[in-house]
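Asker: Prediction below, plus the sequence it came from.
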Amino acid sequence: MSWTQTAFFFIACVMATVSNALAQQADAIYFNGSILTMAGATPSYVEALAVKDGKIAFAGGKEPAFQMKSDATKLIDLEGKTLLPGFIDAHSHYINSLLVANQCKLYAPPSGIGKDVPSIIAELKRYAAERKIAKGEMIIGYGYDDTAMPDGRLLNRDDLDEAFPNNPVRIDHVSMHGVVLNSLALKYYEISAETETPPGGVIVRKPGTNEPWGLIMETAFIPVMEKSEPMTAQQELDWTRAGQMLYAATGVTTAHEGATHFPQFQTIKRASDAGTNIIDIVAHPFILDVDKILAEHPLEKWTKYENRFKVGAVKITLDGSPQGRTAFFTTPYLTGGPGGEKDWKGEPTFPQDLANKMLKKVYDMQVPLILHCNGDASIDAFLSAYEFARAGDYSKPQRGFNGATQLHFLDFLIVSTRLQNENAATSGIAFQKETAFR
């Protein structure tokens, strides 16, 4: 075929595609605004955008777009506003969106009313009365921030017992790395004075006793996450739609489940197989759940969408959160630990030898890695584990092996940059500096 024939064939194909699009009757047409397509290396705008059956059918000039108008077409005048493509969530815990509609919000001001213990108890009582929560039913709140409590007066088990003697109560920490439980909830989750604090975990005990009393965090919190209240089959579908609408309403069309445990994977997979998803969902199995998930979802299926769902990367958590004072640093926290510990630097989630084996496992799987490391000591631990996994061989890049550090403050950025310059540049590591949207 000659060059001229090829050019005419290409033009004919383009014209046929446009003609097919214009032959459709649009459900909606957007116009009179800055409609950004993100096509090409520089910003690209079109005059109008037509939608058919929930998908973009045409993006281009206003005149051809209006050729798709019928009596039933909805015309949306943007009035000069900007229309953008869907956003991809940088980092979140999607599974929580299925649950928050049935939980009590307890963020500290200005995001919520949780300014002190009395205001938290009052809001929990209002919530329980409004929802008509029956005796014996679990009451769950979220967003509690111990660092915002005045005069060091923290929420504890006794506060919750006094207010709710007949209901188990679970209050999740704002960092999503911990919880405060009352006595009935402690019994439900099988945590008692005999429960030993695991390595990398925190259990705040009642002064003078071994009784769990305050925050339960990090590895000590894992059994609570793994024993979440089960949903019925219908609740899985209904709550999936409701949770995804929270994302879609803000323009997010791809959401991440940033540390997927096996029961959560099963919930997401069942809803996806039922065709419930209205946005794309990416699950990142937590390192301790990888083998269970592999047994149901073989490695060859990873990174491939099916029913708007895929498994993306493996998540490894090497320390805690700055909010919970469990991030692992080389120097002590100025205010001590979450349980009043002195000279507290935080702790690693896993000892170095286990972190080494975890990194090597992901390296051998040849899948992407998502890493949680906030403090400078945990970043050092990651770099050591990475060197162990590579065994000195940096002759070829590791597929998708990116350390995604959850950076919250400038200090962390400086630390990460220093380490990146000293070690990472010679090791093939690409740090993705991102804010944790939770």
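Answerer: The structure has been received and is ready for your questions.

Asker: any chance you could map the helices in this structure?
Answerer: Shown for the chain, the helices assigned by DSSP state H span residues 3-23, 62-66, 117-131, 157-163, 183-188, 222-226, 233-248, 262-273, 290-296, 352-365, 376-390, 410-422.

Asker: possible to save the ones you listed as TSV with distance to Pro332 and mean neighbour count?
Answerer: In this view, the C-beta of every residue, glycine as well, is placed from N, C-alpha and C. What follows is the helices of the chain, written out as TSV (distance: least, C-beta to C-beta, whole Å; neighbours: other C-beta atoms under 10 Å):
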stretch	distance to Pro332	mean neighbour count
helix 3-23	63	11
helix 62-66	62	16
helix 117-131	27	16
helix 157-163	27	18
helix 183-188	30	19
helix 222-226	26	17
helix 233-248	39	17
helix 262-273	35	19
helix 290-296	34	15
helix 352-365	20	17
helix 376-390	11	21
helix 410-422	14	15
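
Asker: got TSV for those, with distance to Ala108 and mean pLDDT too?
Answerer: Compiled in TSV, these are given as follows (distance: least, C-beta to C-beta, whole Å; pLDDT from 0 to 100):
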stretch	distance to Ala108	mean pLDDT
helix 3-23	50	50
helix 62-66	47	96
helix 117-131	9	97
helix 157-163	16	98
helix 183-188	22	97
helix 222-226	22	87
helix 233-248	21	94
helix 262-273	27	96
helix 290-296	35	98
helix 352-365	33	95
helix 376-390	26	94
helix 410-422	22	41
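
Asker: closest one to Pro199 among those helices?
Answerer: Pro199 sits nearest to helix 352-365 of all these, at 9.1 Å, using C-beta to C-beta.

Asker: for the closest one, packing partners?
Answerer: strand 314-317, helix 376-390 (3 or more C-beta pairs under 8 Å, 6 or more residues apart in numbering; DSSP states H and E).

Asker: circling back to that earlier point, to Thr209, which of the helices of the chain lies closest?
Answerer: Closest among these, using C-beta to C-beta: helix 157-163, at 11.1 Å.

Asker: what residues does that closest one touch?
Answerer: For helix 157-163, the external contacting residues (C-beta atoms under 8 Å, 6 or more residues apart in numbering) are 117, 121, 124-125, 169, 171, 180-183, 185-186, 206, 211-214.

Asker: again with stretch 263-281
Answerer: 86, 94-95, 98, 226, 228, 231, 233, 236-237, 240-241, 244-245, 247-248, 252-257, 260, 283, 285, 289, 293, 296-297, 305-311.

Asker: Could you do stretch 121-139 as well?
Answerer: For stretch 121-139, the external contacting residues (C-beta under 8 Å, 6+ apart) are 104-106, 113-114, 141, 159-160, 163-164, 166-170, 185, 188, 229.

Asker: how far does it stretch from start to finish?
Answerer: 12 Å (C-alpha to C-alpha, to the nearest Å).

Asker: Kindly report the same for stretch 316-325.
Answerer: 19 Å.

Asker: one step back: ok, which of the helices of the chain comes nearest Gly340?
Answerer: Gly340 lies closest to helix 157-163 among the helices of the chain, at 16.0 Å (C-beta to C-beta).

Asker: Now do that closest one: distance to the chain's middle.
Answerer: Distance of helix 157-163 from the chain centroid (C-alpha atoms, centre = their mean, to the nearest Å) equals 30 Å.

Asker: Also stretch 293-313?
Answerer: Worked out by C-alpha atoms, centre = their mean, stretch 293-313 lies 17 Å from the chain centre.
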